[in-house]
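Chemist: heads up, no residue letters with this:
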């Protein structure tokens, strides 16, 4: 009998709990489920977009390798930048275009491409590469102040040596041996012992002593 009364009390407590809080809990569960489904949909959607961007990049690279129509190549690049701006494919395509324009002496166009990468791409390696190459574009034009400004772009610690070495190159080109040596030595201190470019970097530093 006592057990039956206890069961009835628990049932009444449950009914009260459900009446008071049940609908809110149900709403929360629905929201959580919708959020999860939204996350899954976003991931699948993003994967699909990345695949589409990779296909556009592949077409662009093939045209470039076969010395295809430049207007078609530029159209592919515009497609990447407009429709897939956050993708790695867009970064790769834009960096490739910047290199081509640099080789052709179109430094202003190369500069525009690299600034686009810095604005639209957040991957640490991509940011570091774009900043370093932008500095080289300025260095080629003897725009030393602009080059150093580009090299002040904040990057992950792993990529700081890349920018520091280039900063040394800028100072050396500018005739500032003391600053160049300091930049090279700073780079050596940050580089891993097994880094392949340590010997060349040490040679650069030694020539300034």
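Modeler: The structure has been received and is ready for your questions. Predicted model, so just to flag it, every value in this text is computed and none were measured.

Chemist: for the residue nearest to the spatial centre of the chain, give me its contacts.
Modeler: Central residue of the chain (CA atoms, centre = their mean): residue 123, 2.1 Å from the mean position. By CB atoms under 8 Å, 6 or more residues apart in numbering, the contact list for residue 123 reads 88, 91. Any C-beta I mention is one placed from the backbone N, CA and C, and that applies to glycine too.

Chemist: and it, its phi and psi?
Modeler: In terms of degrees, to the nearest 10, the main-chain angles of residue 123 are phi -60, psi 130.

Chemist: ok, residue 171 - how many residues close by?
Modeler: Number of residues near residue 171 (other CB atoms under 10 Å) recorded here: 22.

Chemist: wait, it sits on residue 183?
Modeler: Yes - the pair residue 171 / residue 183 is scored as a contact, 6.0 Å apart, by CB atoms under 8 Å.

Chemist: where in the protein is pLDDT low?
Modeler: Counting by pLDDT under 70, the chain has low-confidence residues at 1-47.

Chemist: so what's the nearest residue to residue 163 once chain neighbours are set aside up against?
Modeler: Counting by CB to CB, 6 or more residues apart in numbering, residue 151 is the residue found nearest to residue 163 once chain neighbours are left out, at 4.8 Å. Residues in contact with residue 151 (CB under 8 Å, 6+ apart) are 131-132, 135, 163-164, 166-167, 170.

Chemist: ditto for residue 57
Modeler: By CB under 8 Å, 6+ apart, the residues touching residue 57 are 76, 80, 89-90, 92-93.

Chemist: now do it against residue 69, distance only.
Modeler: 17 Å (CB to CB, to the nearest Å).

Chemist: circling back: where's the residue nearest to the centre of the chain relative to residue 179, distance?
Modeler: Distance from residue 123 to residue 179, by CB to CB: 30 Å.

Chemist: over to residue 156?
Modeler: Going from residue 156 to residue 179 by CB to CB gives 24 Å.

Chemist: which one's more surrounded, these two?
Modeler: Per other CB under 10 Å, whichever of residue 156 and residue 179 has more neighbours is residue 179, with 17 against 11.

Chemist: for that one, list the residues it contacts.
Modeler: The contact partners of residue 179, taken as CB under 8 Å, 6+ apart, are 168, 171.

Chemist: domain ranges for the chain, per the record?
Modeler: Under the assignment automatic domain parsing, the domains of the chain span 24-121, 148-209.

Chemist: I'd like those domains as CSV, with distance to residue 141 appended.
Modeler: Converted to CSV, the domains of the chain look like this (distance: least, CB to CB, whole Å):
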stretch, distance to residue 141
domain 24-121, 6
domain 148-209, 11
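
Chemist: helices of the protein, start to end?
Modeler: Using DSSP state H, the helices of the chain run over 2-17, 23-65, 70-83, 88-103, 107-120, 124-140, 144-151, 160-173, 177-190, 198-207.
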